[in-house]
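S.K.: the following block contains a protein sequence and its predicted model.
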Amino acid sequence: MAAPNEDNLSSHSQLSSQFFGELLDSIIVDVASECHRIARLGLDRSLDDEEEELRLSAQARARVADPSSSGETTSKYVLDIFGQTHPPVANEIFDCMNCGRSIMAGRFAPHLEKCMGKGRKARLKATRSSTAAQNRYSRGNPLSNHSPSSNSNSMNRLSNGTSHVAGYEYSNGTIEEP
Amino acid sequence: MRSSVKRPPTPDAEEEEQDREPTLQEIINIKLIESGEKERLKELLRERLVECGWKDEMKALCRAFARKRGRNNVTVDDLVHVITPKGRGSIHS
C-alpha cells in the first residue's frame, strides 16, 4: 500500500467520493423514510387533498343551503357538518323565570311575549287590572278603526286580531298546551 | 458475508471483488466509524443539504410521488428509488 502521493491523491479523492456517496445514500434513506411516514400517516395535506376537501365542503354547503333537498326546517334528518341531527325546534325544557312554568326552549320566546306583556292575552291581563289608560293605548292602535266600546276585551280582540292574526292565533294555540 | 446492518450501497462492482480482504476503503470506513468522525460528517452533510434546499426538493418529489401513487400504496423503497437519481445528480452540479 506504499503508493506514491499522487496515486494516493487520486485514490483518496475516489475513496472520498465513494464515501461521500455512501453517506448521501444513507441520508437519502432517512429522507425517504421520513416522507414515507408522512405519507402513510396523512400528515401532509397535499394540494390534491385540499382541493378534495374544498370540493366536499362546497358540496356540503350546497346541500345545506338547498331548501328542496332538506325539506326546510321540518325535516328532522338534516345532518350538520359533524353528522349530528337536530330537531327543528329546540327541545330542552327548563323553567320560565317569570311565571315559573316548564317551558320548551324552542317555545321560550313566544312564551315570554305572552308572559311579559307583549302578547295579546298578556296585555289583556294587564288591561283587565289597570284602568282606561290601557284601553286608550290599545285603541290608539293604527289599524284599529272601531269606536271605543264598553267591552274593551272584544274590541281589543278584534283590532289585535286583524293586525296580528297569524302570530296570535298560532301562539294562542300553544298557550292552551299543557 | 456482508454485515446485515450495512445497507446495500449503490452498485459498485469493485466493492464486491474486494470483499475477501478488508479494502482500504473499508478500513477507512471502519476507522471513521470508530472515531465517530463518520457520524459528524453525516450530520454536517445533512445540515448542508437542508440549507441548500436539497432536502425540501426531495420531500417535494416524495409528496408528488405519493400523491400519484395514492398515499397508502407507497413503500420506503419506492421513495428511495424516486429520490436517488435526482438526489445524487443534483449534488455534484
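M.R.: Yep, it's here.
S.K.: measure the residue of chain B most remote from its centre to A:Arg40 for me?
M.R.: Residue farthest from the centre of chain B, counting by Cα atoms, centre = their mean, is B:Gly70 at 24.7 Å. Here the criterion is Cβ to Cβ, to the nearest Å. By it, B:Gly70 lies 11 Å from A:Arg40. C-beta here means a position set from N, CA and C on the backbone, and glycine is covered the same way.
S.K.: poorly predicted segments of the chain, please.
M.R.: I went with chain A, as the question did not name one. Applying pLDDT under 70 to chain A flags the ranges A:1-9, A:45-51, A:67-76, A:118-178.
S.K.: please go with chain B instead
M.R.: B:1-4, B:6, B:12-20, B:92-93.
S.K.: kindly report the residues of it close to chain A.
M.R.: Contact residues (Cβ under 8 Å from any Cβ of the partner chain) of chain B with chain A: B:7, B:9-10, B:12, B:24-25, B:28-29, B:32, B:38, B:41-42, B:45-46, B:49, B:55, B:58-59, B:62-63, B:66-67, B:71-72, B:74-76, B:79-80, B:82-84, B:87-88, B:91.
S.K.: can you show me the CA trace of stretch B:52-66 as CSV?
M.R.: Output of stretch B:52-66 as CSV, limited to C-alpha atoms (Å, rounded to 0.1, in the frame of the first residue of the first chain):
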residue,chain,number,x,y,z
CYS,B,52,-29.3,24.4,0.3
GLY,B,53,-32.8,23.2,-0.1
TRP,B,54,-31.9,19.8,-1.3
LYS,B,55,-34.0,18.1,1.4
ASP,B,56,-37.1,20.1,0.5
GLU,B,57,-36.7,19.2,-3.1
MET,B,58,-36.5,15.6,-2.2
LYS,B,59,-39.5,15.9,0.0
ALA,B,60,-41.5,17.5,-2.7
LEU,B,61,-40.6,14.7,-5.0
CYS,B,62,-41.8,12.2,-2.5
ARG,B,63,-45.0,14.1,-2.0
ALA,B,64,-45.7,14.2,-5.7
PHE,B,65,-45.0,10.5,-6.0
ALA,B,66,-47.2,9.7,-3.0
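S.K.: got the contact list for that stretch?
M.R.: A:28, A:31-32, A:34-36, A:38-39, A:44, A:46, B:46, B:49-50, B:74, B:78-79, B:82-83, B:86-87, B:90-91 (Cβ atoms under 8 Å, 6 or more residues apart in numbering or on different chains).
S.K.: before we move on, the earlier item: whichever of the residues of chain B next to chain A end up buried, select them in PyMOL.
M.R.: Entered in PyMOL, the line below selects the buried ones among the residues of chain B next to chain A, by 16 or more other Cβ atoms under 10 Å in any protein chain shown:
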select buried, chain B and resi 25+28+29+32+38+42+45+46+49+55+58+59+62+63+66+67+71+74+79+80+82+83+84+87
